[in-house]
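# next input, structure requested:
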Amino acid sequence: MKFSIFANLSGRDRIDEFDKVLDEVREQAVYCDENGYEAIWFTEHHFGHEGFELIANPILMGADIAARTKRIRIGQAANVITFWHPLRLAEDIAMLDQLSQGRVDVGLARGLYGREAANLNPLADRKNDAQNRAIYEETVEILKKALSNKFFSHKGEFYEFPPKGLKWNHPLSPSTSEFMNMDTNEIEKISIIPPPKQKDHPPFWQMVESQRSIEEAARNELNAVLWMPTLEHLKERFKIYQETLSAVKGKPVAMGEGLGLVRPVYVAETMEQAREDAEQAVLENYKWVSHWRGLTPLLNPGEVVGNEQELDFDFLNPRNLIFGTPEQVTEKIQELKDELNLQNLLLWVNLSGLPHEKMMKSLKLFTEKVMPNFVEQTTTEKIGGSADAKSSQVVYSN
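Okay, here's the model as predicted:
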């Protein structure tokens, strides 16, 4: 099993000390780089004066971390690609891949918050879900072309590259049919510079939630990451992905292949200490998210709760959290491994309001007391699995 960090940097009272937030995540990233973690994933959110999401550009954040680390992979969880110009995003991803010597994993999402889309790309507002989805799918298509080919072209509903009628004539750029129409001198293909370091294209990851998005990710052979569902619902979602991907590939695919899971994690000497340290922090994060999503994503199949049900620790812990002693945390992860054949676990440890010192103490306990329990599995997977980076791909979409 591979362990990574889901770094949703946050803190309601920390905007005015953002430089300190950056120093803390740098310490975390260097520690994880030196202690066997697979990747660190940075989120993208905008205009969050409340402090729950503090990174507007995960690629720029990744460039800083890439310069301070040697082996850990650098991911985005995710780029909200409906807010980006596709070519600019492709160029920035390729540049980060070069700066990191081929350590980039590309996370993709459609976007969630209305105030973000309304200010960055009104066409992508989720109030028009069909149009948002269409922009997302076309952007994914463009990213694949741009990051996989020396020269490419695209004509779709929203974008056309290069535009029709664009002519080119320069003595230091000889005319060639590789990218031009030799009769009209019009450019027919373009090339992003630099190309990515990884051949073909860096691994893509799609963040998914609904059955539709899971099926779409599998049909496009994009791997996927889930977050909120309970174990019982995860079994259904993992099965949907497995069956869809198997049909696309024309051969059986193992349960859990190509999938990852985000879970809040906190390790302490006792469960009581874990709860004392991190209960308020994790609840604050979930209350922020559940304002829009409600409690439905946290329910088991067929379960119904009344309006009086509160989002408290006793409700959340058995459904979604990996909290407790090293032994309890190990047991919960082993259950995910046994039931789902989970291969990629993204640890959400940067909880809003949790002091950095406590987060690092928990992370070190996880590294020293929990990860060794899965070393044999990790080694076996590496020996028996593909060395191709694309075998462990992530993209967010609802």
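
# tell me which element the residue with the largest distance to the centre of the chain is part of?
Distance from the centre of the chain peaks at residue 183, with 45.0 Å (CA atoms, centre = their mean). Taking DSSP states H and E as the definition, one finds residue 183 inside no helix or strand.

# who touches the residue nearest to residue 35 when sequence neighbours are not counted in this structure?
Nearest-residue entry for residue 35: residue 367, 5.0 Å, with adjacent residues in sequence omitted and distances by CB to CB, 6 or more residues apart in numbering. C-beta here means a position set from N, CA and C on the backbone, and glycine is covered the same way. The neighbours of residue 367, taking CB atoms under 8 Å, 6 or more residues apart in numbering as the test, are 31, 35, 36.

# which SS state does residue 367 fall under?
helix (DSSP: H, G, I helix; E, B strand; the rest coil).

# any idea how far residue 204 is from it?
28 Å (CB to CB, to the nearest Å).

# check residue 57 too.
19 Å.

# looking at these two, which is more packed in?
residue 204 (24 against 14; other CB atoms under 10 Å).

# pretty sure that one sits against residue 108.
Yes: here residue 204 reaches residue 108: they are 6.4 Å apart, a contact under CB atoms under 8 Å.

# low-confidence ranges, the protein, go.
Applying pLDDT under 70 to the chain picks out residues 376-398.

# in it, where's the longest strand?
strand 259-267 (DSSP state E).

# tell me the helix or strand right after it.
Next along the chain from strand 259-267, counting by DSSP H and E, comes helix 271-293.

# packing partners for that next one?
Here helix 271-293 touches strand 259-267, helix 313-320, strand 322-324, helix 356-365, going by 3 or more CB pairs under 8 Å, 6 or more residues apart in numbering; DSSP states H and E.

# adding distance to residue 169 and mean neighbour count, write the ones you listed out as TSV.
TSV is the format used below for those (distance: least, CB to CB, whole Å; neighbours: other CB atoms under 10 Å):
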stretch	distance to residue 169	mean neighbour count
strand 259-267	49	25
helix 313-320	60	16
strand 322-324	61	24
helix 356-365	57	17
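
# present the ones you listed as a markdown table; the columns should include distance to residue 22.
Output for these, formatted as a markdown table (distance: least, CB to CB, whole Å):
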| stretch | distance to residue 22 |
| --- | --- |
| strand 259-267 | 22 |
| helix 313-320 | 28 |
| strand 322-324 | 27 |
| helix 356-365 | 11 |
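
# closest to residue 228 out of the ones you listed?
helix 313-320 (6.4 Å; CB to CB).

# I'd say residue 189 and residue 168 touch.
No: in this structure, residue 189 is not within contact of residue 168 by CB under 8 Å, at 10.9 Å.

# shared neighbours, those two?
residue 180.

# more neighbours: the two, which one.
Higher neighbour count among residue 189 and residue 168: residue 189, with 18 against 14, using other CB under 10 Å.

# and the gap between the more buried one and residue 310?
57 Å.

# roughly how far apart are residue 343 and residue 118?
38 Å.

# how far off helix 313-320 does the helix or strand where residue 328 lies point, in degrees?
Taking DSSP H and E as the definition, one finds residue 328 inside helix 326-340. Counting by axes from the mean of the first three to the mean of the last three CA atoms, to 10 degrees, helix 326-340 points 50 degrees away from the direction of helix 313-320.

# ok, the residue nearest the centre of the chain to residue 225 distance?
By CA atoms, centre = their mean, the chain has its centre lying nearest to residue 77, at 2.6 Å. As for residue 77, its distance to residue 225 is 7 Å (criterion: CB to CB).

# what are the boundaries of the helices in the stretch 151-300 of the chain?
211-219, 231-249, 271-293 (DSSP state H, counting those that start in this stretch).

# for the stretch 1-150 of the chain, same thing?
Going by DSSP H, counting those that start in this stretch, the stretch 1-150 of the chain shows helices at 18-34, 58-66, 86-99, 114-120, 129-148.

# need these in a markdown table (columns: distance to residue 328 and mean neighbour count).
Below are the helices of the stretch 1-150 of the chain laid out as a markdown table (distance: least, CB to CB, whole Å; neighbours: other CB under 10 Å):
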| stretch | distance to residue 328 | mean neighbour count |
| --- | --- | --- |
| helix 18-34 | 22 | 17 |
| helix 58-66 | 30 | 20 |
| helix 86-99 | 37 | 20 |
| helix 114-120 | 37 | 16 |
| helix 129-148 | 39 | 19 |
